[in-house]
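*Asks:* Structure here, sequence nowhere to be found:
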């Protein structure tokens, strides 16, 4: 796999995810459309020579994108108008989803990444479909203060999205993120979150991918074995969707790594939680 000239703050993983969205957009029967994925990939520098593990990961990126699109759609249909994407990366949901009038969406990520994405989208005259606010902050620091300073209202129910980031944080940092967002969540808030269990990371077929992530200082540092209990400790009632079930529900083949005959006890947790 080769990549040249990644801009400061843009990770290889963020580009791979955008490439997966770009490829899905080109499919006649795609699960979503993201016309901004290609400009972001081209500006960041396309990653070539993607390994078999990378291709399997792309299948998951597509499925989880649709899953979280649907969860956010459900949240705003129930009346929520405040949305927060933590570690938003090259996410374009503010631009491609249909948001009800009055929706305010906050994207939290590192300042260099935000600057890169904002520049590329401005060059392509992209227009957000909601009131979008970018918040430059590190999830390992006091990001809630930055979020509130940007106009976030902790008294309003919030739809949170924590996609593809917790496994890159230490258990302590991940627990702190969950604690902080829970403290900011009024009753009626929704939380969409992804994590993995240790058996998933330990699969022999995952070792090449894990080694590449570690080589780019992006190793997986944590896992969770019981997401329902993990979230309940912070006041959330969780519903788990398994990757294989999601694929079937969307009319897609079950990814090889998620097939029960292959995966065994390995799990990617896709979670939709509610705060009563």
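*Replies:* That came in fine, so what should we check first? The shown structure was predicted, so the numbers you read here are calculated from the model rather than taken from an experiment. Numbering: from 1, shown residues only.

*Asks:* how much space between the most centrally placed residue in the chain and residue 123?
*Replies:* By CA atoms, centre = their mean, the chain has its centre lying nearest to residue 163, at 2.3 Å. Distance, residue 163 to residue 123, by CB to CB, to the nearest Å: 25 Å. Using the backbone N, CA and C atoms, a C-beta is placed for each residue, glycine as well.

*Asks:* ok, now residue 148?
*Replies:* Counting by CB to CB - residue 148 and residue 123 are separated by 31 Å.

*Asks:* Would you mind telling me which of those two has the busier surroundings?
*Replies:* residue 148 (13 against 10; other CB atoms under 10 Å).

*Asks:* for residue 193, helix, strand, or coil?
*Replies:* strand (DSSP: H, G, I helix; E, B strand; the rest coil).

*Asks:* what's residue 62 in contact with, if anything?
*Replies:* Counting by CB atoms under 8 Å, 6 or more residues apart in numbering, residue 62 touches 20-21, 23-24, 31.

*Asks:* is it true that it lies in a helix?
*Replies:* Yes. Using three-state DSSP, the assignment for residue 62 is a helix.

*Asks:* so what pLDDT did it get?
*Replies:* For residue 62, the pLDDT comes out at 97.

*Asks:* And the one 10 residues further on, by the same measure?
*Replies:* Among the per-residue scores, residue 72 shows a pLDDT of 99.

*Asks:* Contacts only, for it.
*Replies:* Counting by CB under 8 Å, 6+ apart, residue 72 has contacts 83, 93, 97, 159, 161, 192.

*Asks:* so where does it fall, helix or strand?
*Replies:* Per DSSP states H and E: residue 72 is located in helix 52-77.

*Asks:* Touching the helix or strand just after that helix from outside, list them.
*Replies:* Helices and strands here follow DSSP H and E; after helix 52-77, the next one along the chain is strand 82-86. Applying CB under 8 Å, 6+ apart, the contact partners of strand 82-86 are 72, 75-76, 91, 93, 103-108, 130, 139, 143, 147, 152-153, 156-163, 165, 177, 181.

*Asks:* For these, which ChimeraX command selects only the ones that are buried?
*Replies:* Only the buried entries of these go into this ChimeraX selection, using 16 or more other CB atoms under 10 Å:
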select :72,75,76,91,93,103,104,105,106,107,108,130,139,143,147,152,157,158,159,160,161,162,163,165,177,181
